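Visitor: Sequence first, then the predicted structure:
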Amino acid sequence: MKKIWIVGGEDIHMRLPLLKLLKFRGFDVTAVGTGPGTAFIGNNIPYFEYKMNRFLSPISDHQTIKELTNLFIKHKPDVVHGVDTKPAIFTAIAGNKANIKGIMRTITGMGYIFSSHSPLAFLLKPIYRYLQRKADKFAHLTVFQNPDDQDYFVRHNMITSDRSRLILGSGIDLGSLNKTIITEKIKTDLKQQLGLNNEVVFLMIARLVKHKGVVEYLKAARETKLKTNKKTCFLLVGPTTNEGGQAVSLDTIKKYRDDVVYLGARNDVPVLLTISDVFALPTYYREGVPRVLMEASVMGLPLVTTDMPGCREVALDDVTGLIIPPRNSTKMADAFVKLAENKKLRQRLGAAGSTHIKNGFTLEQVAEQYIQIYNSLIN
């Protein structure tokens, strides 16, 4: 059995469905991440925790690379696969130091540095490019989740173009998003808890950070309610963060409590999707392909999202959703009103979205592409 190690950050548990499928297909899989790894215990998948500073820290970064190198030397995996920004860089460097046969990485978006117009982001861009060029020297293959990121890397000489590949997203597990297994009672109970009564329900799921478009969503919700005589309900789901100036405070959320119902972090996302009519993600963050957009779309919800890399691969304008400019709450409200007042439009976009995801973004389709890559690196 060939050993495949997937190295990520604190959300490495999001790769669990892929790891389980790889294991089913005969690979010896291991997860490496910066969180506690409790999700892997019951699934009989080995897990190693390592330390990593999410922000730029040369001393800490050196220690992280050393820690990963020692892990790779000790356990000798056949392929190491880094995902997310820093793990993808560190895995390539550590894999080279440990003489790993197959070294690959997945670029899951370009993140804060390329989403922000702040002076700090401007100063960090050259460092990011330098580190990516260094990682490219050691990686045998780099996977991109959207064509915009791939094109950017090629144009700025951050990647050897013949050693890159495009795989859209991380794969959606259709079995976990099956509407038929969610009973009417479960949906009715949740509607009663939320006080819903035939409103058109809009849902946004994201961490409470500005670059996800949370503030714009709040403003658009207020504007929409004024234009639709309050026949709409807006739900906001997601954890608070401590990301400094990027964090959206609970005080800000409370200012819109008459317009938006904030539910905090939830573990019943599939049920929330089934009771909703429209899904919104007004992000201006450079994502790979937002998983939550794919999940909402495969559940038959029309999307309202921004004209950003990754988003426009899922939301095809006037086909599976409505595309709006980033940082524009007025255009968002216009899209909300249009969907609130046109049930047939919601149904058409939602049905097309579900088909779109099933035709190219499923876990099985994505896993098959990765399996081909793993086998080619091993052989």
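Guide: Thanks, I have it.
Visitor: quick one, strands of the stretch 51-200 of the chain?
Guide: Applying DSSP state E, counting those that start in this stretch to the stretch 51-200 of the chain gives strands spanning 79-83, 102-107, 109-111, 141-144, 164-166, 200-205.
Visitor: so what secondary structure elements neighbour the last one?
Guide: Contacts defined by 3 or more Cβ pairs under 8 Å, 6 or more residues apart in numbering; DSSP states H and E place strand 200-205 against helix 214-227, strand 232-237, helix 269-274, strand 278-281, helix 329-340. C-beta coordinates here come from the backbone N, C-alpha and C atoms, glycine included.
Visitor: what do you get if the cut-off is 7 Å, keeping everything else the same?
Guide: Applying 3 or more Cβ pairs under 7 Å, 6 or more residues apart in numbering; DSSP states H and E, one finds that strand 200-205 makes contact with strand 232-237, strand 278-281.
Visitor: ditto for the fourth one
Guide: Using 3+ Cβ pairs under 7 Å, 6+ apart as the contact test, the elements touching strand 141-144 are strand 102-107, strand 164-166.
Visitor: which stretch among the strands of the stretch 51-200 of the chain comes nearest N242?
Guide: Taking Cβ to Cβ as the criterion, N242 comes closest to strand 109-111 out of these, the separation being 17.1 Å.
Visitor: Work out the sheet partners of the closest one and label each with its direction, please.
Guide: Strand 109-111 has the following sheet partners, assigned by DSSP bridges: strand 286-287 (antiparallel).
Visitor: C-terminal to the partner strand, what's the next element?
Guide: Where DSSP states H and E defines the elements, the next helix or strand beyond strand 286-287 is helix 291-298.
Visitor: helices and strands around the helix or strand following that next one, which ones?
Guide: Next along the chain after helix 291-298, taking DSSP H and E as the criterion, comes strand 303-306. Using 3+ Cβ pairs under 7 Å, 6+ apart as the contact criterion, the secondary-structure elements in contact with strand 303-306 are strand 278-281, helix 291-298, strand 321-324, helix 329-340.
Visitor: do you know which of those lies nearest W5?
Guide: Nearest to W5 among those is helix 291-298; the distance by Cβ to Cβ comes to 21.6 Å.
Visitor: From V278, how far out is the closest residue in space to E10 that isn't next to it in sequence?
Guide: Taking Cβ to Cβ, 6 or more residues apart in numbering as the measure, E10 lies nearest to G35, with 4.5 Å between them; neighbours along the chain are not counted. From G35 across to V278, the span is 32 Å (Cβ to Cβ, to the nearest Å).
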